[in-house]
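# what follows is a protein structure lacking sequence information:
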């Protein structure tokens with residue numbers, strides 16, 4: 001095996017599943033595996049997640065020597081650890097809204113909200129580790145002597161013994177200075193969390209050798225290079241080769257996300273747009289808490305005995321009198337970043353069927369994402385190209401609806417597990433191999449073109465959605481609005 005023909009193992013702890021990809025660059029063979037975590041809750045046992053992911057990686061790599069290990073995890077996770085890495089708290093992932101009171105208290109101060117945005121590029125919201133930790137400290141936890149890690153950072157520490165995080169991952173914590181690329185001491189002090197131990201910041205290319213404990217867990221040789229973990233959202237840009245200025249990835253999985261590559265941090269406090277770092281540069285984006293998870297909820301509640309293929313046959317593109325669905329069952333991130341907001345159906349009438357309710361869920365999710373797109377375009381201009389990926393592609397109806405609602409062509413990424421592919425590309429770069437290995441290339445590009453006549457009809461329905469969105473702001477806000485319901 002030469003340096004130009006490495007075997008790569010990429011591991012990912014996603015929101016719901018352990019995932020791994022093995023690429024043998026000599027043969028071009030790719031093996032992708034996925035397994036649901038035993039605990040999919042927003043606050044879960046990070047050690048169990050680590051064990052399940054490494055067990056999957058060990059099984060997949062059995063009998064093969066791996067040359068480079070790459071890691072991917074989610075943005076916004078947080079777990080507190082003793083110095084020996086034993087658990088103080090579970091890992092609170094991005095869907096966890098237990099810090100909503102802490103975030104609301106800070107959000108009530110417009111001066112702080114603007115200051116925090118300018119310093120970190122993040123929003124005042126319960127999903128960010130800064131507010132999760134501030135809530136724990138306010139509740140009496142003493143952070144002195146403790147370490148704050150995310151799920152990927154814990155896995156990396158178990159494998160290498162190093163307490164590191166990438167700049168890209170750190171940019172989603174609400175604690176990293178957008179100007180200096182260092183932990184922001186003023187933000188930490190203001191939130192009362194300066195005493196906690198934070199990981200050493202490293203570039204995405206940083207690596208450490210696999211240590212004996214990690215080698216035993218994965219069944220790989222001591223000393224194998226392990227790359228510092230990257231966030232799945234940032235790695236999506238790398239996987240889909242969307243790192244040129246104006247490229248946008250549009251992911252519709254458990255959550256929804258729009259991420260545009262920019263040449264500099266773009267911040268305007270009166271929008272719901274965040275600014276993070278990807279391994280390739282700056283990202284301006286929006287992320288929703290409700291997407292595929294809302295679809296899963298609707299299927300379980302409305303059609304527990306039908307699979308998604310059967311449900312597809314019930315969808316009617318001609319329907320325009322659907323109820324309005326607000327996809328905030330799991331709180332709100334973009335565009336309003338109000339973790340108190342909740343979802344549900346509006347304008348339900350006696351003639352509406354269960355199929356109508358299900359179809360309105362698909363529509364409401366896309367109206368929410370289009371709401372986010374409007375803010376992104378106002379801030380950055382129209383994207384040069386948009387690459388669609390995720391579970392949405394398993395539904396022809398929903399995929400076409402996405403193009404029709406957005407009113408623009410959508411390139412289809414048929415790469416499975418795009419963030420894993422992105423991590424694999426970075427591992428190939430580390431090994432001195434071509435990151436655009438033929439086995440990682442998508443098939444001939446496919447573009448979903450919008451039906452602009454339908455776009456005009458859907459715009460009317462989207463306006464209904466926006467009116468419902470405005471009418472259902474949390475009560476604390478409505479109390480300040482004359483005539484609010």
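Done, it's in. Just so you know, these numbers come straight off a predicted model, no measurement behind them.

# right, and residue 134 touches residue 102 too?
Yes: using CB atoms under 8 Å, residue 134 is in contact with residue 102, at 5.3 Å. Every C-beta, even on glycine, is put in place using the N, C-alpha and C of the backbone.

# the strands in the stretch 151-300 of the chain, which residues?
Assigned by DSSP state E, counting those that start in this stretch, the stretch 151-300 of the chain shows strands spanning 164-166, 200-202, 207-209, 225-227, 230-231, 247-252, 256-262, 274-278, 281-288.

# out of the ones you listed, nearest to residue 29?
strand 225-227 (20.9 Å; CB to CB).

# my guess is residue 225 contacts residue 430, does it?
Yes: counting by CB under 8 Å, residue 225 does reach residue 430; the two are 6.5 Å apart.

# burial measure for the nearest residue to residue 93 once chain neighbours are set aside, as a count.
For residue 93, ignoring the flanking residues on the chain, the nearest one in space by CB to CB, 6 or more residues apart in numbering is residue 77 at 4.9 Å. The local packing of residue 77 (other CB atoms under 10 Å) involves 30 other residues.

# can you give me the distance of the most centrally placed residue in the chain to residue 14?
For the chain, the residue nearest the mean C-alpha position is residue 233 (5.0 Å; CA atoms, centre = their mean). Per CB to CB, to the nearest Å, residue 233 is found 11 Å from residue 14.

# between the two, which contacts overlap?
residue 419 (CB atoms under 8 Å, 6 or more residues apart in numbering).

# buried set for stretch 383-399?
383, 385-393, 395, 397-399 (16 or more other CB atoms under 10 Å).

# so what touches it?
236, 240, 242, 244-253, 260, 291-292, 295, 308, 312, 315, 317, 362, 366, 376-377, 402, 406, 408-415, 418, 448.

# state the distance spanning the first to the last residue of it.
With CA to CA, to the nearest Å as the measure, the first residue of stretch 383-399 is 19 Å from its last.

# now swap in stretch 234-249 and tell me
End-to-end for stretch 234-249, by CA to CA: 10 Å.

# give me the low-pLDDT residue ranges for the stretch 101-250 of the chain?
Within the stretch 101-250 of the chain, no stretch has pLDDT under 70.

# where along it do the helices fall?
110-120, 129-138, 151-160, 167-170, 185-191, 212-218, 232-239 (DSSP state H, counting those that start in this stretch).

# nearest to residue 98, of these?
Of those, the one closest to residue 98 (CB to CB) turns out to be helix 129-138, at 6.8 Å.

# also compute the angle for the closest one relative to helix 110-120, please.
130 degrees (axes from the mean of the first three to the mean of the last three CA atoms, to 10 degrees).

# report the contact partners of residue 150.
73, 74, 76, 77, 78, 79, 91, 129, 165, 169, 173, 229.

# any idea how far it is from residue 76?
When residue 150 is compared with residue 76 (using CB to CB), they lie 8 Å apart.

# find residues that contact each of these two.
By CB under 8 Å, 6+ apart, residue 150 and residue 76 have these common neighbours: 129, 173.

# if I read this right, residue 420 contacts residue 10, doesn't it?
Yes: between residue 420 and residue 10 there is a contact under CB under 8 Å: 4.9 Å.

# what do the two both touch?
What both residue 420 and residue 10 touch, as defined by CB under 8 Å, 6+ apart, is the set 20, 21, 72.

# which one of the residues you listed is nearest to residue 121?
Closest to residue 121, out of all of the shared contacts of residue 420 and residue 10 and judged by CB to CB, is residue 72, at 21.0 Å.

# confirm the closest one sits in a helix?
No: using DSSP: H, G, I helix; E, B strand; the rest coil, the secondary structure at residue 72 is strand, not a helix.

# residue 234 against residue 167, yeah?
No: contact criterion CB under 8 Å: residue 234 and residue 167 do not qualify, at 9.7 Å.

# neighbour count: these two, which is higher?
Between residue 234 and residue 167, residue 234 has the larger neighbour count (other CB under 10 Å), namely 30 against 21.

# and that one, what does it touch?
75, 168, 169, 276, 277, 278, 279, 283, 422.

# go with 7 Å
Residues near residue 234 by CB atoms under 7 Å, 6 or more residues apart in numbering: 168, 276, 278, 279, 283.

# between all of those, which two are separated the most?
Maximum distance among those (CB to CB): 11.0 Å, for 276 and 279.

# compare the two (neighbour count), which wins?
Counted by other CB under 10 Å, residue 276 and residue 279 do not tie: residue 276 has more neighbours, with 27 against 24.
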